[in-house]
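# sequence-free structure coming up:
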Ligand code: F6R
């Protein structure tokens with residue numbers, strides 16, 4: 001496939017995208033709307049008396065919704081959310097745990113293993129999936145099942161995988177009702193979509209400009225603990241899976257205590273790094289101060305440093321404004337590399353090899 005040299009050649013960009021990643025991105029506001037009203041609204045929930053902790057177990061594109069839940073609910077809910085990306089569950093999981101087992105395909109072996117373990121430990125379980133083995137197990141066990149529409153990549157299904165978990169917590173009375181905030185986020189995403197879409201020329205399109213900066217560079221994405229950290233992780237994953245390129249992420253203030261020391265050698269390779277700092281004016285004032293100083297420290301060391309600011313009213317809008325920008329950036333970066341953003345052959349290969357073992 002040919003690399004797209006000019007991101008204003010919309011036809012060329014779209015021709016590379018054989019699985020409809022741009023369509024899925026465009027559909028994200030509608031997806032969130034459906035997830036809010038259709039998917040989680042009616043499912044019968046378990047009788048839950050005292051929940052002490054919540055675990056979201058899943059991998060990759062099915063796990064990031066768990067991190068969104070963790071970050072979003074942290075200051076709003078008395079019960080902690082822990083994300084588990086493993087075959088086994090943490091030792092504290094028991095009858096007072098609510099476990100969301102999330103797998104878009106329903107066939108990810110780590111998630112299936114954690115699901116079985118959750119059942120054995122007597123936890124309340126809710127499955128979120130398009131079907132597969134997880135769907136079968138949930139039906140067998142009478143576990144509440146949130147049925148997600150299929151046909152897109154798991155990483156493009158963030159609305160379907162995240163919003164229902166939020167709604168379940170509201171329906172169980174663990175989290176205050178926030179459908180107004182979800183609606184505000186959906187409206188805001190519609191506005192953003194019009195600014196980030198392939199038809200919008202690079203001169204006015206922040207995602208295209210970011211992709212140009214990250215092209216032929218190693219992206220290093222920094223967020224802030226508790227707010228944009230999940231977005232930094234999301235950007236990294238989307239660049240890996242869509243643009244098939246390496247990327248690394250970290251969070252402030254932690255990175256001021258280790259990673260920042262490593263910006264000395266090897267000098268020629270450091271010149272290949274492009275640092276993206278995800279910022280939110282609502283971040284801790286000391287973190288803002290730290291960012292200013294940190295930028296100075298790396299200024300002459302790396303290729304460049306770009307700040308991307310959260311926008312929108314509610315916390316959800318602000319998180320999703322950055323996620324949406326990063327998602328589009330990763331698909332434009334795929335175009336610059338001349339690669340189809342959809343297929344993730346190496347993940348499929350690994351799953352196949354493990355299955356046939
Ligand atoms: C593929 C993707 C992956 C998968 C992961 C787990 O688009 O995003 O990160 O999400 O391999 O698979 P599922 O989501 O089917 O459990």
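Everything's here; your move. This structure is a prediction, so every number in the text was calculated from the model and none was measured.

# What's the local residue count around the closest residue to residue 64 other than its chain neighbours?
Excluding the flanking residues, the one nearest residue 64 by CB to CB, 6 or more residues apart in numbering is residue 234, at 5.5 Å. C-beta: built from backbone N, CA, C; applies to glycine. By the measure other CB atoms under 10 Å, the count of residues near residue 234 is 27.

# Mind pulling up the pLDDT for residue 234?
According to the model's per-residue confidence, residue 234 sits at a pLDDT of 98.

# again, but for residue 351
Residue 351 is assigned 94 on the pLDDT scale.

# tell me, how many neighbours does it end up with?
With other CB under 10 Å as criterion, residue 351 counts 15.

# that's a strand at it, yeah?
No. Residue state for residue 351 (DSSP: H, G, I helix; E, B strand; the rest coil) corresponds to helix; a strand is not indicated.

# quick one: stretch 288-307 to chain centroid distance?
25 Å (CA atoms, centre = their mean, to the nearest Å).

# For the residue in the stretch 51-200 of the chain that the ligand sits nearest to, which non-adjacent residue is closest in space?
Distances between the stretch 51-200 of the chain and the ligand by CB to the nearest ligand atom are smallest at residue 60, namely 2.0 Å. Beyond its immediate neighbours in the sequence, the residue positioned closest to residue 60 (CB to CB, 6+ apart) is residue 154, lying 6.4 Å away.

# With residue 304 instead?
For residue 304, the closest residue by CB to CB, 6+ apart turns out to be residue 274, at 5.3 Å.

# In what element of secondary structure is that neighbour found?
Secondary structure assigned from DSSP states H and E places residue 274 in strand 273-279.

# what separates the helix or strand following that strand from the chain centre, distance-wise?
From strand 273-279 onward toward the C-terminus, using DSSP H and E, the following helix or strand is helix 285-298. Using CA atoms, centre = their mean, the mean C-alpha position of helix 285-298 is found 25 Å from that of the whole chain.

# residues near the closest residue to residue 342 other than its chain neighbours, how many?
The spatial neighbour of residue 342 that comes closest, neighbours along the chain excluded (CB to CB, 6+ apart), is residue 19 at 2.9 Å. The number of residues packed around residue 19, counting by other CB under 10 Å, is 15.

# tell me the SS of residue 19?
State at residue 19, reduced to three classes by three-state DSSP: coil.

# Is it in contact with residue 334, as I believe?
No. In this structure, residue 19 is not within contact of residue 334 by CB atoms under 8 Å, at 11.2 Å.

# sorry, back to before: the residue nearest to residue 304 is in contact with residue 298, isn't it?
No. Checked against CB under 8 Å, the pair residue 274 and residue 298 is beyond contact range at 10.7 Å.

# Those two: who's more crowded?
When residue 274 and residue 298 are compared on other CB under 10 Å, the one with more neighbours turns out to be residue 274, at 21 against 16.

# Contacts only, for that one.
When the contact criterion is CB atoms under 8 Å, 6 or more residues apart in numbering, the partners of residue 274 are 213-214, 217-220, 302-306.

# Could you rerun that using 7 Å?
Contacts for residue 274 were tallied using CB atoms under 7 Å, 6 or more residues apart in numbering; they are 213-214, 217, 219, 302-304.
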